[in-house]
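Chemist: predicted structure and sequence below. I'll ask about it afterward.
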Amino acid sequence: INQKVLEELLNQYPSKVKRNRKKHIIIKDSALARQEIEANTRTIPGIITNRGCAFAGCKGVVLGPLKDVIHIVHGPIGCAFYTWGARRNKAKSEDPTKNFINYCVSTDMQESDIVFGGEKKLARMIDEVMEIFKPNAIFISATCPVGLIGDDLQAVAKAAQEKHGIPILAFNCEGYKGVSQSAGHHIANNGLMEGVIGQGDWEEAPGKYPINILGEYNIGGDSWEVERILKEIGYTVIAVMTGDGSYEELKNAHVAELNLVQCHRSINYIADMLETKYGTPWLKVNFIGVQATIDSLRNMALYFGDPALIQKTEEVIARELARVEPILGQYKKICQGKTAFCFVGGSRGHHYQGLYAELGIETVLAGYEFAHRDDYEGRDVIPEIKLDADTKNIPDLHVTPDERRFRLKISPERMEELKKKIPLRNYKGMNIEMKDGSIIVDDLNHFETEEFIRLLKPDIFSSGIKDKYVVQKMGIPSKQLHSYDYSGPYAGFNGAVNFARDIAMAFTSPTWNFITPPWK
Ligand code: HCA
């Protein structure tokens, strides 16, 4: 597609809408000094977007995976149902009485609660939860209506905490709080930082090379595969935020020597705050795809700089490669030469492109549902991003160095030296890795999905539940990369094999012979 074709596509919009959407779409051209993309702004009413709400981002994405917590959804049952296991974030526990991942707990607000207020009902619900489950903590997430009627969640939580003696945190993540689920991630990050991380009494890590894995939600078991590799190399995983995670682990996350950031968008706030408060740097990693996994492992080893760790890393890489490369080679024969759309959340739209390329599949269009400009253009643009009213709506938590626990984990000189070699405290964004001529779309909508499919005829479409079936009915295999449909893990070495198998299966399924795409 060239600029002229893109212009024709946009001309189908009313002029005001065209002016808006034009800023969210670019054709990658590395000859230009820079290409700015608009992101994290309101979707135009009436446009069919794939975005979720602040509640989905807070309860559904970041908090929900914490397994030893009871998550109360204060609101209508539909909101609770929507975030009940739909993301397929898995969890297992040594103590089965402390794994509540399969439960859906909600105040199920009715019209009378909206009229007379829902605080009493919420307080009763907390009592009931304590009686039945005895969780390590209770988190309450707000939905749109409770914000509109003005229920004071914080007051109910405070009173209940005094009554029951366990941490009870309330999150004001009313769905309308932001332009997408991204606002909810930020709210969840603030709450975890204020009310959970650092509450534990550990002063030291219980093993060598202690790390936290941030922005890894164990969808389809991803985190288990990543932890398998890391533990074998010799790392001590203190906490995963938040896949298969727990309140109990999270409260001691301050003892880690390094924080890994997998999903930059949803967790970079905590990564930054942990550095300010405890002096722990963060490293951008990507465990999707064989090469990305290898690069991440090597960068981690370089950070710790221990020759024995570097050697063990190489041993594990060599062994895993020898095992998975022949299998991937078989699938590559089926996938080679195909093209993909990769439109996912705030990092998978980028991460999966490498794995597709390893299978010989070119990503011709990519984008993010809820990212900010830095996820596209890299963190260097952060100072330029104008704070609009929607962004200011979410308070930035002001943290300061912890008087007792702050310790620089590496010297400023070593930090500078390492930053030249590895993405410490840095993310360069998705755009830099995309080929010239490929299309980058922020907040891809239904109309544009149909138009770009007509123009580019991709062999596979990857995105989420809201658009999957529309696209499949057009005769194009569609792979959910939020929830992985019914599969996974897709991370790490074993995950790459699973993904290759599933994608090859999608191409070879005879189902497609029975569907006629609209343009035929
Ligand atoms: C949401 C949840 C979501 C998107 C799910 C999807 C997620 O906010 O709606 O479109 O498949 O990551 O699970 O963001």
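Modeler: Sure thing, it's come through. Numbers count the residues shown, from 1 in each chain.

Chemist: for stretch 206-226, the averaged confidence score.
Modeler: Mean pLDDT, stretch 206-226: 98.

Chemist: next, the buried residues of that stretch.
Modeler: 209-226 (16 or more other CB atoms under 10 Å). Any C-beta I mention is one placed from the backbone N, CA and C, and that applies to glycine too.

Chemist: cool, stretch 255-272 as well?
Modeler: Buried-residue list, stretch 255-272, by 16+ other CB under 10 Å: 255-272.

Chemist: check stretch 323-335 too.
Modeler: Quick answer for stretch 323-335 (16+ other CB under 10 Å): 324, 328, 331, 332, 334, 335.

Chemist: the ligand versus the closest residue to residue 388 other than its chain neighbours, what's the distance?
Modeler: Excluding the flanking residues, the one nearest residue 388 by CB to CB, 6 or more residues apart in numbering is residue 41, at 7.1 Å. To the ligand, residue 41 is 17 Å away according to CB to the nearest ligand atom, to the nearest Å.

Chemist: how about residue 41, what does it touch?
Modeler: Going by CB atoms under 8 Å, 6 or more residues apart in numbering, residue 41 touches 179, 388, 390.

Chemist: reformat these as TSV; add distance to residue 319 and neighbour count.
Modeler: Formatted as TSV, those follow (distance: CB to CB, whole Å; neighbours: other CB atoms under 10 Å):
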residue	distance to residue 319	neighbour count
179	46	22
388	50	12
390	49	16
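
Chemist: now, these that are in helices?
Modeler: Residues of the contacts of residue 41 located in helices (DSSP state H): residue 390.

Chemist: ok, the contacts of residue 41 vs the ligand, which is closest?
Modeler: residue 179 (12.3 Å; CB to the nearest ligand atom).

Chemist: what is the helix or strand bottoming out on mean pLDDT in the chain packed up against?
Modeler: The weakest-scoring helix or strand in the chain, judged by mean pLDDT, DSSP states H and E, is helix 389-392 (a mean of 89). When contacts are defined as 3 or more CB pairs under 8 Å, 6 or more residues apart in numbering; DSSP states H and E, helix 389-392 packs onto no helix or strand at all.

Chemist: hey, which helix is longest across this structure?
Modeler: helix 307-335.

Chemist: neighbours around the closest residue to the ligand within the stretch 301-450 of the chain, how many?
Modeler: Closest to the ligand within the stretch 301-450 of the chain is residue 345: 4.9 Å, counting by CB to the nearest ligand atom. The burial count assigned to residue 345 is 27, neighbours taken as other CB atoms under 10 Å.

Chemist: repeat for residue 411
Modeler: Neighbourhood size, residue 411 [other CB under 10 Å]: 9.

Chemist: so, low pLDDT: which residues of the stretch 401-520 of the chain?
Modeler: 519 (pLDDT under 70).

Chemist: show me where it has its helices.
Modeler: Shown for the stretch 401-520 of the chain, the helices assigned by DSSP state H, counting those that start in this stretch span residues 412-419, 446-456, 465-472, 492-508.

Chemist: wait, which of those is closest to the ligand?
Modeler: Using CB to the nearest ligand atom, the nearest of the helices of the stretch 401-520 of the chain to the ligand is helix 465-472, at 3.7 Å.

Chemist: near the ligand, which residues of the stretch 51-200 of the chain show up?
Modeler: The stretch 51-200 of the chain comes close to the ligand at residues 52, 56, 57, 60, 61, 87, 181, as judged by CB under 6 Å from any ligand atom.

Chemist: now the angle from the strand or helix carrying residue 291 to helix 307-335?
Modeler: If you go by DSSP states H and E, residue 291 is part of helix 290-304. Between helix 290-304 and helix 307-335, the angle comes out at 170 degrees (axes from the mean of the first three to the mean of the last three CA atoms, to 10 degrees).

Chemist: can you pull the pLDDT of the residue nearest to residue 36 when sequence neighbours are not counted?
Modeler: Nearest residue to residue 36 in three dimensions, chain neighbours excluded: residue 377, at 7.0 Å (CB to CB, 6+ apart). Note on residue 377: pLDDT of 97.

Chemist: and residue 377, how many neighbours?
Modeler: 22.

Chemist: and what of residue 384?
Modeler: Using other CB under 10 Å, residue 384 has 10 neighbouring residues.

Chemist: contacts only, for it.
Modeler: residue 373.

Chemist: that one and residue 71, how far apart?
Modeler: With distances taken as CB to CB, to the nearest Å, residue 384 is found 36 Å from residue 71.

Chemist: any low-confidence regions in the protein?
Modeler: Low-confidence segments of the chain (pLDDT under 70): 519.

Chemist: up against the ligand, what does it have?
Modeler: Counting by CB under 6 Å from any ligand atom, the chain comes close to the ligand at 50, 52, 56-57, 60-61, 87, 181, 345, 464-466, 480, 482-483.

Chemist: just those residues now: which is nearest residue 398?
Modeler: residue 57 (21.6 Å; CB to CB).

Chemist: double-check that the closest one belongs to a strand.
Modeler: No - with DSSP: H, G, I helix; E, B strand; the rest coil as the criterion, residue 57 is helix rather than part of a strand.

Chemist: pretty sure it sits against residue 177.
Modeler: No - if you go by CB atoms under 8 Å, residue 57 and residue 177 don't touch, sitting 9.3 Å apart.

Chemist: overlap in contacts, the two.
Modeler: 183, 184, 187.

Chemist: give me the buried subset of the residues you listed.
Modeler: For these, a burial check counting by 16+ other CB under 10 Å picks out 183, 184, 187.

Chemist: I'd assumed residue 54 was in contact with the first one.
Modeler: Which is residue 183. Yes - here residue 183 reaches residue 54: they are 4.2 Å apart, a contact under CB under 8 Å.

Chemist: give the residues shared as contacts by the two.
Modeler: Joint contacts of residue 183 and residue 54 (CB under 8 Å, 6+ apart) are 173, 177.

Chemist: sorry, back to before: the residue lying closest to the residue of the stretch 301-450 of the chain closest to the ligand once chain neighbours are set aside and residue 282, how far apart?
Modeler: Nearest non-adjacent residue to residue 345, counting by CB to CB, 6+ apart: residue 369, 5.3 Å away. According to CB to CB, residue 369 stands 23 Å off from residue 282.
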